[in-house]
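Enquirer: Provided below for reference: sequence and predicted model.
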Amino acid sequence: MKIWKRNAVVAAIVLFVCVAVYLNWSYDQTESVSGSTSEAVAEKTLGETELVSAQEELTMEDSVDTASGESEEEDALAEHALAEEDASQTAAEESDYFDTARLNREEARDSALSILQETVDDPSADSDAVNTAAESITAMAAATLAESQIESLVTAKGYADCVAFIGDSSVSVVVSTENGELEASDIAKITDIVCGETEFSASDVKIITAE
């Protein structure tokens, strides 16, 4: 009986030891798996973080490049608009010059014609004065017609605008060119037009560009 009890106690102790060994081994396995899993999760999280960071950097770089490209495009458009505005302003100023020049020419000629007409209509004026005034009126009318013809023919050659002034001994022509300069070919073309519409020679023709 004592032997059986002793064997039962030994068996119980051995069982406890086995259970303790199993539990210890099981705990170690759990810790190992848990550690591996934690490391895997940590590595995965780190990888995802690095990927997101890289994507954000690429996105930021793309945004910077896009913004830079848009800024350069806006600058180019602004410069183009400014150039067009300057060109439009220059064209407007030249147009104002030609309009003003024609108006001044017309007013001066109307004033001279008015005085000459008074002489012609003056009953007390001698015949020589009347004849001279009448000839001057005729010459002015012819000059007005010739100036109009010259301007039309010059602009028909492709020039933006033109105004002509016919005097007693010379003809002056102011012309608008694309680059603000006159080439020899320009002078030759305009001179031929003036000589063809008047009785002046080439040496009596003065051609200048509008500034």
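Expert: In hand now; what should we look at? Keep in mind the model is a prediction, meaning the values are calculated, not measured. Numbers count the residues shown, from 1 in each chain.
Enquirer: Let me see the contact set for the residue lying closest to Q149 once chain neighbours are set aside.
Expert: Computed as Cβ to Cβ, 6 or more residues apart in numbering, the closest residue to Q149 that is not its neighbour in sequence is E197, at 5.0 Å. C-beta coordinates here come from the backbone N, C-alpha and C atoms, glycine included. Going by Cβ atoms under 8 Å, 6 or more residues apart in numbering, E197 touches A146, Q149, I150, L153.
Enquirer: Most neighbours among those residues, please name it.
Expert: I150 (24 neighbours; other Cβ atoms under 10 Å).
Enquirer: and the helix or strand where it lies, what does it pack onto?
Expert: Secondary structure from DSSP states H and E places I150 in helix 127-156. Under the contact criterion of 3 or more Cβ pairs under 8 Å, 6 or more residues apart in numbering; DSSP states H and E, helix 127-156 touches helix 2-121, strand 161-166, strand 171-176, helix 184-197.
Enquirer: what about the nearest residue to V175 once chain neighbours are set aside, how many neighbours?
Expert: Spatially, and ignoring its direct neighbours in sequence, V175 is nearest to C162 (4.7 Å; Cβ to Cβ, 6+ apart). C162 is flanked by 23 other residues according to other Cβ under 10 Å.
Enquirer: Equivalent analysis for the one 4 residues further on, please.
Expert: Using other Cβ under 10 Å, I166 has 22 neighbouring residues.
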